[in-house]
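# Below is the sequence, then the predicted model.
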Amino acid sequence: MKELKQPWINWQSQSAAIQLPDNDPLRDNPLYRRVIGAENLETTVRAQINRWTAARLEKVTAGGIVQHPDHLLRQLFTTTTVNLTSTATQSVGIRPGDEPLRLPMGFWMNNDALLDDLELEVEAPVPATTTALYAQSLATFGFRLEEKAGNFSRPGDTFFAFVVPEAALEDNAVVREMGERGLISPKFAACALMVDFPNPVFSADRARLMRYVPTTATAADSLGDRVAQQILAAAGTLPADSPEARFAAHWNLPERHLARRLLRTAHRLSEEGPGTDHHQGRLRRLRPAGRVTPQTVQGHEAARVRTDPARHRYPRHRRDAADE
């Protein structure tokens, strides 16, 4: 299940029900009669991912040694898979002049990890775009739903507008579990995720930091510090805009200042106008997958996350009852 968050695009749910004609034979199918909402499936999937991740980390850290550290840290520095998220607005009802579309935060940053798990205290505008630009983009790029095998094609967007990839629960769960078990510190995770953070998935800059991750057996309790020191040593010989130097710049900040840097960049993203290089680049990356990125981002609501800046441990993840 990739669509883990409301409105659970393409799933029967409290946000959208399957609509069948009265004479559709599927109505008599036992599976259809027993269908439940994705809001229930989400709880099950999240619980099982968290349970599997805890069991995995328990096994690979047994004895205090991690045999393959790169197998774990690739889920921090690279994208092993993605989830899909969208707005809560049905695309067919969107008209130019309507209220702005509030875009998914997960497209612009790994908010689940940075704000929820690491609890950086940030008060940033939720990205939004005008409905006029959204409609114009659909037409400009010939956006359509297509099923080549059945010769089906229909102009327009998916049922819920603006479906985009975001950081996967599977990756974030591993990062969170590593923090809880002392393999890495919250500061290490934050500094890594803040490198190129406006690109929360498929970041070549963050992936470059994998070269400093050991591929042989390493003591679990020194893993994060060992990698950090390797990156910091390399940063001194590289340009200021290199991934290593950006990691080092975050590392050398007082912990409470990390959230301020995140906030400044988030505000800059929200204020960029149409046609900026940043948004054009995102648009080009999405086009081959059939996604259209509206280019204007405006702030309308505040996303507020509060925490104690003095905390030195990961907050225990909120677990559903099914986890117990």
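The structure has been received and is ready for your questions.

# I'd say residue 61 and residue 183 touch.
Yes. Residue 61 is within contact range of residue 183, at 7.0 Å (criterion: C-beta atoms under 8 Å). (C-beta placed from N, C-alpha, C; glycine too.)

# Look at those two and report which has more neighbours.
A count of neighbours by other C-beta atoms under 10 Å puts residue 183 above the other of residue 61 and residue 183, at 25 against 20.

# Confirm that one sits in a helix?
No. Counting by DSSP: H, G, I helix; E, B strand; the rest coil, residue 183 is not found in a helix; it is coil.

# ok, now which ones touch it?
Neighbouring residues of residue 183 by C-beta atoms under 8 Å, 6 or more residues apart in numbering: 61, 66, 72, 220, 221, 223, 224.

# Give the intersection of the neighbour lists for residue 61 and residue 183.
residue 220.

# Any quick PyMOL command for the buried ones out of the contacts of residue 183?
A single PyMOL command selects the buried members of those (16 or more other C-beta atoms under 10 Å):
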select buried, resi 61+66+72+220+223+224
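
# where does the stretch 51-200 of the chain have low pLDDT?
Within the stretch 51-200 of the chain, no range satisfies pLDDT under 70.

# All the helices of it, residue numbers only.
Along the stretch 51-200 of the chain, the segments classed as helices by DSSP state H, counting those that start in this stretch run 69-77, 111, 131-140, 169-180, 186-194.

# Tell me how far the residue positioned nearest the centre of the chain lies from residue 25.
Central residue of the chain (C-alpha atoms, centre = their mean): residue 167, 2.7 Å from the mean position. To residue 25, residue 167 is 41 Å away according to C-beta to C-beta, to the nearest Å.

# just residue 166 next, same as before
37 Å.

# Looking at the two, which is more packed in?
residue 166 (25 against 9).

# give the contact list for the more buried one.
Residue 166 touches 82, 83, 84, 85, 104, 106, 107, 110, 112, 200, 201, counting by C-beta under 8 Å, 6+ apart.

# number of nearby residues for the third one?
Burial measure for residue 84: 20 neighbouring residues, criterion other C-beta under 10 Å.

# For it, list each beta-bridge partner.
Note on residue 84: beta-bridge partners by DSSP bridges are residue 165.

# Isn't it up against residue 168?
No. Using C-beta under 8 Å, residue 84 makes no contact with residue 168, being 9.7 Å away.

# and for the two, which residues touch both?
With C-beta under 8 Å, 6+ apart, residue 84 and residue 168 have common neighbours residue 2.

# tell me the contacts of the residue nearest to residue 65 when sequence neighbours are not counted?
Once flanking residues are discounted, residue 65 sits nearest to residue 217: 5.3 Å by C-beta to C-beta, 6 or more residues apart in numbering. By C-beta under 8 Å, 6+ apart, the contact list for residue 217 reads 65, 66, 67.

# Now residue 217: phi and psi?
Taking degrees, to the nearest 10, you get phi -50, psi 130 for the backbone angles of residue 217.

# And residue 6, by the same measure?
According to degrees, to the nearest 10, residue 6 has phi -60, psi 130.

# where's it relative to residue 242, distance?
Counting by C-beta to C-beta, the gap from residue 6 to residue 242 is 39 Å.

# Test my guess that the residue nearest to the centre of the chain contacts residue 79.
Yes. If you go by C-beta under 8 Å, residue 167 and residue 79 touch, sitting 7.3 Å apart.
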